[in-house]
Structures are given as structure tokens and as C-alpha cells.
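Visitor: just coords:
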């Protein structure tokens with residue numbers, strides 16, 4: 001399995017951008033790592049890195065080689081997972097990238113359920129915007145991406161898709177709290193707490209709010225839905241959250257959620273995705289089953 005160690009060395013150099021930083025992360029000497037790299041380039045008959053004062057970049061040949069390496073490492077991980085399955089899934093790791101809108105309750109519930117079933121498997125959860133989630137997926141940094149409306153990519157396959165509306169969130173004594181359904185024209189009469197620019201939910205809201213211009217009063221912007229909800233009690237401010245049955249289980253008693261008329265604000269797709277040509281490890285496949293089941297229960 002020596003070739004796997006070499007592949008891990010080269011992958012680390014790519015990620016760190018230098019032999020020295022990669023060596024520190026791998027706990028080997030920089031001279032030994034540089035020697036292994038030179039031996040590999042000599043064997044291939046071409047350099048795979050361009051060396052600059054500020055670091056190292058892949059050559060065209062290097063791009064081809066690193067793609068081969070990462071496919072090989074991912075397949076080796078899958079094979080190891082199959083072996084672990086014979087041992088009863090006593091060890092292993094699953095890495096996921098998740099949109100911020102899903103971290104309040106949905107993902108923690110899934111992780112807790114998974115850990116109860118498979119306590120030997122560790123989870124790595126990355127909370128990122130959808131573009132970064134796709135980058136992590138394509139770079140083999142995560143097994144799955146559970147995100148809102150990610151950009152399409154031919155190498156990414158959607159395991160499950162469910163469309164969810166945004167709800168208006170407000171204090172229980174808010175003047176609009178007794179209305180069963182609301183229009184955006186009702187909501188903009190009050191200060192709004194919006195998701196931060198760059199979040200998909202903000203993009204959805206901007207498409208409706210931008211034409212209203214100065215009529216919109218923005219009280220605050222945040223990339224934390226917990227902060228958003230914390231700013232609502234005993235005020236006339238209105239926030240916006242994604243509607244999921246899992247999330248709504250944790251509604252504070254002082255906060256109510258009201259649907260927005262569909263013509264004013266269209267639902268957004270929640271997607272669980274994996275790389276099209278990457279086989280999931282047994283541990284990741286089991287986790288994806290729980291994610292898909294949870295998404296089906298959103299409706």
C-alpha cells in the first residue's frame with residue numbers, strides 16, 4: 001500500500017501549496033517529501049508542479065495526475081469501508097457539507113440518529129455556502145453535500161430534491177401574528193431581519209425585495225438563523241426561515257411562523273448530492289439514507 005502513502009503526500013502538497021507546509025501536516029521532513037516528489041516526476045517523465053516563490057501550482061500533467069490520485073484515494077476509502085462493514089462498521093468517517101439554513105435542527109437530528117446506530121463512525125460537518133459545498137464535493141473533501149439550490153455541475157448527482165418555502169418568523173404578539181397567510185406587501189411594513197448576502201435564502205428574498213427599493217426597512221443581516229430568531233422576541237421585526245418539519249420542532253414558544261403567499265415568494269430546492277462517478281463508502285451510504293428519509297419527511 002506504499003503507493004497510497006505517496007498519493008496522500010502529493011494530495012497534501014496540492015492542498016497546502018508548498019512542500020514545507022505539507023511536510024509539517026504529514027509529520028515528515030521537507031527534504032524527504034521533496035525527494036519523493038522529484039522521484040515521482042522523474043518516473044512520470046514530466047513535472048507535475050510549477051514552483052514559484054510564493055508556492056507551487058499544478059501543471060497540466062499535474063491536474064490529470066491529481067484527479068487520478070483523488071479518485072484512487074476515494075476508491076481505496078470505499079474498499080476500506082467495505083472491509084469495515086465486515087467488522088460491523090466499528091470505525092470510519094463521513095464528511096458532509098451543509099447549508100447554514102439546515103443546521104438549526106435538521107442536520108443535528110440526523111447526526112444524533114446516525115451516531116446512535118453507528119457509534120464507531122465519526123462525522124465531519126462543514127457549514128458553508130452552496131458554491132463552496134460544491135467545491136468541497138468536487139475536490140473529494142466531503143462525501144455528500146446537503147445544500148439549498150446549488151449550482152448545477154455535470155459531475156454532481158442529486159440523490160434527493162425537495163422544495164421548501166420560506167416562512168415569516170415573528171414574535172407571538174406581533175401585529176401580523178394572527179394572519180394565516182401573508183403577502184410581502186404586508187411584511188415590508190415592518191423592520192426585516194435578513195439572511196446575509198451570499199446565502200441562497202437571501203438571493204430568493206432579494207428577487208422580491210429589490211423592486212420595492214426604499215420601502216424595505218432592514219433592521220439587521222446575519223448568517224446565523226439562531227441569531228435571527230434571537231432578535232425577534234418583543235419586537236415588531238420579522239425574520240425568514242426555511243420551512244422544514246425538523247426545524248419547526250424546535251420553535252421557541254415566543255416565536256410564530258407564518259406562510260408567505262406562493263406567488264410572492266417561490267419555494268427553494270433542498271438537495272442532497274454526491275459525485276456522479278464516486279462510489280460512497282458503506283458509512284456514507286448509510287448516512288445518505290437517513291438524509292433522504294429526513295428530506296422526505298419535510299413535506
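Guide: In hand now; what should we look at? Predicted model only: the values in this text are computed from it and were never measured.
Visitor: thought residue 4 was touching residue 74?
Guide: No. Using CB atoms under 8 Å, residue 4 is not in contact with residue 74; the gap is 11.6 Å. Bear in mind the C-beta positions are built from the backbone N, C-alpha and C, glycine included.
Visitor: pick out whichever of the two has more residues nearby.
Guide: Counted by other CB atoms under 10 Å, residue 4 and residue 74 do not tie: residue 74 has more neighbours, with 18 against 13.
Visitor: distance check, the more buried one against residue 226.
Guide: 34 Å (CB to CB, to the nearest Å).
Visitor: how far does stretch 29-48 sit from its chain's centre?
Guide: Counting by CA atoms, centre = their mean, to the nearest Å, stretch 29-48 is centred 34 Å from the centre of its parent chain.
Visitor: hmm, who's touching it?
Guide: Residues from elsewhere that reach stretch 29-48 (CB atoms under 8 Å, 6 or more residues apart in numbering): 6, 9-10, 13, 19-20, 22-23, 26, 49, 58-59, 61-62, 65-66.
Visitor: could you measure from residue 275 over to residue 39?
Guide: From residue 275 to residue 39 the distance is 30 Å (CB to CB).
Visitor: so which residues of the stretch 51-200 of the chain form strands?
Guide: 55-58, 92-98, 121-127, 144-148, 156-164, 166-171, 192-195 (DSSP state E, counting those that start in this stretch).
Visitor: coming back round to it: residue 275 and residue 39: who's more crowded?
Guide: A side-by-side neighbour count of residue 275 and residue 39, using other CB under 10 Å, places residue 275 first with 22 against 11.
Visitor: list the contacts of that one.
Guide: Residue 275 makes contacts with 137, 138, 140, 155, 156, 157, as judged by CB under 8 Å, 6+ apart.
Visitor: one more time with 7 Å, if that's ok
Guide: 137, 155, 156 (CB atoms under 7 Å, 6 or more residues apart in numbering).
Visitor: what about the closest residue to residue 212 other than its chain neighbours, how many neighbours?
Guide: Once flanking residues are discounted, residue 212 sits nearest to residue 188: 5.9 Å by CB to CB, 6 or more residues apart in numbering. Applying other CB under 10 Å, we find 16 residues neighbouring residue 188.
Visitor: for residue 188, give me the pLDDT.
Guide: Looking at residue 188, its pLDDT stands at 92.
Visitor: OK, contacts around it?
Guide: 212, 215, 216.
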